[in-house]
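[1] Just to be clear, the model below is a prediction. Sequence and coordinates:
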Amino acid sequence: MLHEKINNLNFEKLPYAYDALEPYIDAQTMELHYSKHHNGYFNKLQNAAKGTEVENMTLNDVFKNISKYPKGIRNNGGGHFNHNLFWSVMGPDKGGQPSGKLMEAINKHFGSFDEFKEKFEKAALGRFGSGWAWLIVKDDKSIAITDTPNQDNPLMDVVDENGMPILGIDVWEHAYYLKYQNRRPEYVSAFWNVVNWEEVSRRYEELI
Amino acid sequence: MRIVANIIIASLVAIGLNACNQQPENNKEKESEAITYEKDKQASDQSMKSTTEDVPDSEYSFGTLPYQFDDLEPYIDHKTMRLHYGKHHKGYYKKFLNAIENSDAQGRSIIEILKNVSQYSNGLRNNGGGYYNHWLFWHSLTPESGQKPGELLSTAIDDAFGSFDAFKETFNSAAASQFGSGWAWLILSDEGNLVVTSTPNQDNPVMDVSKINGMPILALDVWEHAYYLKYNNKRTSYIENFWKLVDWGKVDQRYKKAINQQEIFTP
Ligand SMILES: [Fe+2]
Ligand SMILES: [Fe+2]
């Protein structure tokens, strides 16, 4: 998706049913999140790109120089990519721990899986207002945790720390308000029950 | 204590008014509706009371909500008000008190702190903003619908925006296009103009970090927590309904103070 022309992109199907992540993420939130928020970003991206040089570019190239493009491309391009990644790194009957090379990297970099989780949660809770927390693979192949405001992401030239995100959590209030209201910490700790570590590992191994 | 007493008086007045409204020809159904309403109202007052019970004593006052949680129904629902005031606003307030302790901002007025916020921690910026902004928001709203701005402000709005409708449109668009969390404002700018602006997160136009500075006289919270339970993704419907709740009497008062360069009304 990152390497396809923007005007060739599809609004892909959610890889599971709206209620598949219950009770951690409720069906109503999933439906609104996918069919209203994500779909809105996708449509607005297409509208913002239409008739400009951006429609024939890839999201990857646009993100690299996002500071040169209008806000509508930044917000909606980010919104489309970020949500797409988010859906793919979750699933029903998931959770647990990663294995193989990713687990080795996590242990090496963070000391243990628990320490990684703690640091990731801290990033997700410390992000004031709307935004995302990420696990990224940097250019030197090392992994890092970072967070971004609104619909920015670590591929954009406007953020502090660049890299390819392999895991992301949406901490906009729309991601959790119906079920958790002001209790973002409960949402963030529930998230671990739906992480699709096979997919996160697949993304990691593709990059190293 | 004063807060609690106020709430009790407000409840008594509400009960009194309700009793006076009972018409002899009311049928049983209506009576039971009224009783249910009264019960809800008392429950609401109760929860308001418990909301402010654990508010610490401080030179910085939390400020009471100038109406009950369900008074802004159906435009802003009871549950949203309860969470917004009792969890979000109170959370900012408490974190503000923590952030100010041991900082050299201690003892300065909230306005002074906001005006010089770039000198202070992120904690003071976010929570000081959250504390002040929500207070101003509560005092931008009223259940007494259908108010209009007074003559002085109304003329100023016409001069600045062309018409009241044009002003509304500008404000709506600022509120709708503030991407992510934030606020829309009507301010008297430092240059003396009426200006519509918006700020991210809990920033506000008093802060030296904001692009446009001035005295806010009308505030609209566009964080998703302000509308998500009732409106979901439909921020524009929430913004449209906001106009039915604006307390123009208070906005007028703030405008008059602002043009006379009097102290900004604070909690
Ligand atoms: Fe989202
Ligand atoms: Fe708020």
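    Received the coordinates, thanks. Ligands and ions are numbered 1, 2, ... in the order given.

[2] check contacts around the residue of the stretch 1-150 of chain B found nearest chain A.
    Nearest residue of the stretch 1-150 of chain B to chain A: residue B:87, at 4.3 Å (C-beta to the nearest C-beta). To be clear about C-beta, it is placed using only N, CA and C from the backbone, and glycine gets the same treatment. Going by C-beta atoms under 8 Å, 6 or more residues apart in numbering or on different chains, residue B:87 touches A:181, A:182.

[3] how about 7 Å then?
    By C-beta atoms under 7 Å, 6 or more residues apart in numbering or on different chains, residue B:87 lies in contact with residue A:182.

[4] Assign it to helix, strand or coil.
    Following DSSP: H, G, I helix; E, B strand; the rest coil, residue B:87 is assigned to helix.

[5] contacting residues for residue 81?
    Because you didn't say which chain, this covers chain A. Here residue A:81 is in contact with A:59, A:153 (C-beta under 7 Å, 6+ apart).

[6] wrong one, I was asking about chain B
    Applying C-beta under 7 Å, 6+ apart to residue B:81 gives the contacts B:69, B:72.

[7] Over to it: give its phi and psi.
    phi -60, psi -40 (degrees, to the nearest 10).

[8] Quick check: chain neighbours aside, which residue is closest to residue B:213?
    residue B:190 (5.0 Å; C-beta to C-beta, 6 or more residues apart in numbering or on different chains).

[9] what's the neighbour count on that neighbour?
    12 (other C-beta atoms under 10 Å in any protein chain shown).

[10] Touching, it and residue B:212? I think so.
    No: using C-beta atoms under 7 Å, residue B:190 makes no contact with residue B:212, being 8.6 Å away.

[11] Do a quick rundown of the strands in the chain.
    Looking at chain A here, since you left the chain open. For chain A, strands defined by DSSP state E occupy the ranges A:131-137, A:143-149, A:164-170.

[12] should've been chain B
    Using DSSP E, strands in chain B cover B:182-189, B:194-200, B:214-221.

[13] Which of those sits closest to residue B:147?
    Residue B:147 lies closest to strand B:214-221 among the strands of chain B, at 12.1 Å (C-beta to C-beta).

[14] Would you give the sheet partners of the closest one, along with the direction of each?
    Here strand B:214-221 is paired, per DSSP bridges, with strand B:182-189 (antiparallel).

[15] Now do the partner strand against strand B:194-200, angle only.
    If you take axes from the mean of the first three to the mean of the last three C-alpha atoms, to 10 degrees, strand B:182-189 sits at 150 degrees to strand B:194-200.

[16] how about strand B:182-189 against ligand 2, any contact?
    No: applying C-beta under 5 Å from the ion, one finds strand B:182-189 out of contact with ligand 2, separated by at least 8.5 Å.

[17] And that strand, what's buried?
    B:182, B:183, B:184, B:185, B:186, B:187, B:188 (16 or more other C-beta atoms under 10 Å in any protein chain shown).

[18] and if you look at stretch B:61-70?
    Buried-residue list, stretch B:61-70, by 16+ other C-beta under 10 Å: B:62, B:63, B:64, B:65, B:67, B:68, B:69, B:70.

[19] Kindly report the same for stretch B:206-215.
    Quick answer for stretch B:206-215 (16+ other C-beta under 10 Å): B:206, B:207, B:210, B:212, B:213, B:214, B:215.

[20] again with stretch B:211-230
    Residues of stretch B:211-230 classed as buried: B:212-230 (neighbour count, 16+ other C-beta under 10 Å).
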